[in-house]
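# for reference, the sequence and a predicted model appear below.
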Amino acid sequence: MNVHPGTAKPVEDPMLPLTYEVVGIKKELPDTVTLDLRAPNGMPFEFEPGQFNMLYAFGVGEIPISISGDTSDPMQLVHTIRVVGKVSQAFAKLKEGDSIGVRGPYGVGWPVNNIKGSDVVIVGGGLGLAPLRPAIYSVLANRGQFGNVVILYGARTPNDLLFEEQLHEWRGRFDLHLDVIVDRAEAGWPGRVGVVTQLIDHAVFDPEETAALVCGPEIMMRYAVQALADRGVDTKNVYVSMERNMHCALGFCGHCQFGGTFVCRDGPVFAYDTISELFTTREA
């Protein structure tokens, strides 16, 4: 008999999802929703920042979604989902009290515990802020154990900014630096215009003592890594989140295999220098 890794609940089959209740749903953007889920019998769900779950829409299918909640609140399981296919469309139609299937947590997450003592640069693009949010929560909850903390976030337009209330909250803190940029400005936008990698040039951190966490579209991550390297950050200290072709989350199906690496099992978070070839290989 296997054990469900998130709740320690025995399950007969690792491919069998557990049924969770939707206790909250928030429309973040026109094409993005956040689901708050409650485990059966109120069991806690323990996970590491950067891990993901397989979410199952009953009768439709399942997809991998990174957890976007706070590790210090194991009673609340949170996922932020972009609506792009039939499964995610089914999630967007859910209401409080509906059910959803959950398998997980899976994968290797952000190395928050291993980078204590370092300056931390967090670079997010678009929906990439969601998988980074648990790491941000963890760093801020243990703020005294890190050096400079820099959060750089970019989106297509001001209307595409994710978690605006939290961005405002983080901007108001004196123990971190937050900078936001958009690709295209709209009337009334008072902030920066351009690509998020431009922000790296002006951020304050010690390159030799910095760990960077990067998540977003692959082309954005590639340029962000280059910008960090140009500042002197060793790419072995730059971590990226890859979510390619994951179907089973257990390394059985081979859809996310690249050489001897399985993204679902060995990632989705990798040190960049260990998987740099992935960025020159098109996703199937």
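Looks like it came in fine. This one's a predicted model, so the numbers in the text were calculated from it and none came from an experiment.

# how close does Met242 get to Val150?
Separation of Met242 from Val150 (Cβ to Cβ, to the nearest Å) stands at 22 Å. From N, CA and C alone the C-beta is placed, and that goes for glycine too.

# and for Pro30?
To Val150, Pro30 is 29 Å away according to Cβ to Cβ.

# for these two, indicate the residue with more neighbours.
More crowded of Pro30 and Val150, by other Cβ atoms under 10 Å: Val150, with 21 against 9.

# now that one: which helix or strand?
Assigning secondary structure by DSSP states H and E places Val150 in strand 149-155.

# may I have that strand exported as PDB, CA atoms only?
The C-alpha coordinates for strand 149-155 follow below in PDB (Å, rounded to 0.1, in the frame of the first residue of the first chain):
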ATOM      1  CA  VAL A 149      16.000  40.100  -1.100                       C
ATOM      2  CA  VAL A 150      15.000  41.400  -4.500                       C
ATOM      3  CA  ILE A 151      11.700  40.500  -6.300                       C
ATOM      4  CA  LEU A 152      11.500  41.400 -10.000                       C
ATOM      5  CA  TYR A 153       8.300  40.800 -11.800                       C
ATOM      6  CA  GLY A 154       7.200  41.400 -15.400                       C
ATOM      7  CA  ALA A 155       3.900  41.000 -17.200                       C
END
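
# ok, residues contacting the helix or strand following it?
Next along the chain after strand 149-155, taking DSSP H and E as the criterion, comes helix 164-171. For helix 164-171, contacts defined as Cβ atoms under 8 Å, 6 or more residues apart in numbering pick out 133, 136, 140, 151, 153, 161, 176, 178, 180.

# and the two most separated of those?
Leu140 and Leu161 (19.2 Å; Cβ to Cβ).

# between these two, which is the more surrounded one?
Neighbours were counted for Leu140 and for Leu161 using other Cβ under 10 Å; Leu161 has more, 19 against 15.

# my guess is that one contacts Glu186, does it?
No - between Leu161 and Glu186 there is no contact under Cβ atoms under 8 Å: 11.3 Å.

# between those two, which contacts overlap?
In contact with both Leu161 and Glu186: no residue, using Cβ under 8 Å, 6+ apart.

# show me what counts as buried in the helix or strand encompassing Pro105.
Remark: Pro105 resides in strand 99-106, with elements defined by DSSP H and E. Buried residues in strand 99-106, counted by 16 or more other Cβ atoms under 10 Å: 100-106.

# next one: stretch 176-188
Using 16+ other Cβ under 10 Å as the test for burial, stretch 176-188 gives 176-182.

# now the end-to-end length of that stretch.
26 Å (Cα to Cα, to the nearest Å).

# got the contact list for it?
Under Cβ under 8 Å, 6+ apart, the answer for stretch 176-188 is 140, 143, 148-161, 167, 170-171, 189, 191-196, 198-199, 202-204.

# filter those down to the buried ones and hand me the ChimeraX line.
Written as a ChimeraX command, the selection of buried residues from the contacts of stretch 176-188, which uses 16+ other Cβ under 10 Å, is:
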select :148,149,150,151,152,153,154,155,158,160,161,167,170,192,195,196,198,199,203
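
# report the inter-axis angle for the longest strand anywhere in the chain versus strand 99-106.
Longest strand in the chain, counting residues (DSSP state E): strand 18-29. For strand 18-29 against strand 99-106, the angle by axes from the mean of the first three to the mean of the last three Cα atoms, to 10 degrees is 90 degrees.

# CA atoms of strand 18-29 as PDB?
Taking Å, rounded to 0.1, in the frame of the first residue of the first chain, the C-alpha atoms of strand 18-29 are listed here in PDB:
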ATOM      1  CA  LEU A  18      -7.900  12.000  -3.600                       C
ATOM      2  CA  THR A  19     -11.100  14.100  -3.600                       C
ATOM      3  CA  TYR A  20     -10.700  17.600  -2.300                       C
ATOM      4  CA  GLU A  21     -13.400  20.200  -1.800                       C
ATOM      5  CA  VAL A  22     -13.200  23.600  -3.400                       C
ATOM      6  CA  VAL A  23     -13.600  26.100  -0.500                       C
ATOM      7  CA  GLY A  24     -12.700  29.300  -2.500                       C
ATOM      8  CA  ILE A  25     -12.300  30.400  -6.000                       C
ATOM      9  CA  LYS A  26     -10.900  33.800  -7.100                       C
ATOM     10  CA  LYS A  27     -10.700  35.200 -10.600                       C
ATOM     11  CA  GLU A  28      -7.300  36.800 -10.700                       C
ATOM     12  CA  LEU A  29      -7.300  37.800 -14.300                       C
END
